[in-house]
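S.K.: Below is the sequence, then the predicted model.
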Amino acid sequence: MAKLLANENVPSRVIIALRGDGHDVSCIQEIGPGSTDEQVLQIARNEDRVLLTFDKDFGELAFRLGRIATPGVILLRPRLASPEYLAKFARGVLSQELRWQEHFAVAEEGRVRILPLPMR
């Protein structure tokens, strides 16, 4: 099971569903609402958690800063935005046996692109 940090934009229904599946999910909504992107990355790094987000800005930050930025990022890009669909989508993505640590993953409908974060 994955050890995750859910960004503030991840709905609580997604967090509840992932926790129900056995994932260790900490979330910014509970531990640091209003945190900047840099603070979110620092929390992920300090807690050794892969960041789960809908925010594309983390891709730029992760590649600019490399592995020092975060243990990994999963960028969710579903086509629908209802909380029920988002929970189903996130559960489907995380059910795949992929190496999330030290990678940047973009999860879209029907595919997950995964790239190693650069060494820095």
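M.R.: Nice, thanks for sending it over.
S.K.: Only C-alpha atoms from now on, for both contacts and neighbour counts.
M.R.: Noted.
S.K.: The residue nearest to Ala2 when sequence neighbours are not counted and Val50, how far apart?
M.R.: Spatial nearest neighbour of Ala2, chain neighbours left out: His23 (5.3 Å); criterion: Cα to Cα, 6 or more residues apart in numbering. As judged by Cα to Cα, to the nearest Å, His23 and Val50 stand 11 Å apart.
S.K.: re the thing from before, so for the residue nearest to Ala2, what's the pLDDT?
M.R.: We have a pLDDT of 96 for His23.
S.K.: and what of the one 10 residues further on?
M.R.: Looking at Pro33, its pLDDT reads 92.
S.K.: same question, Arg67
M.R.: 55.
S.K.: Look up which helix or strand Glu60 falls in, please.
M.R.: helix 57-65 (DSSP states H and E).
S.K.: Please provide the alpha-carbon coordinates for that helix, formatted as CSV.
M.R.: Output of helix 57-65 as CSV, limited to C-alpha atoms (Å, rounded to 0.1, in the frame of the first residue of the first chain):
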residue,chain,number,x,y,z
ASP,A,57,2.4,23.1,-10.8
PHE,A,58,3.9,20.3,-8.8
GLY,A,59,5.3,18.8,-12.0
GLU,A,60,7.3,21.8,-12.7
LEU,A,61,8.5,22.0,-9.1
ALA,A,62,9.4,18.4,-8.9
PHE,A,63,11.4,18.4,-12.2
ARG,A,64,13.1,21.7,-11.4
LEU,A,65,14.1,20.5,-7.9
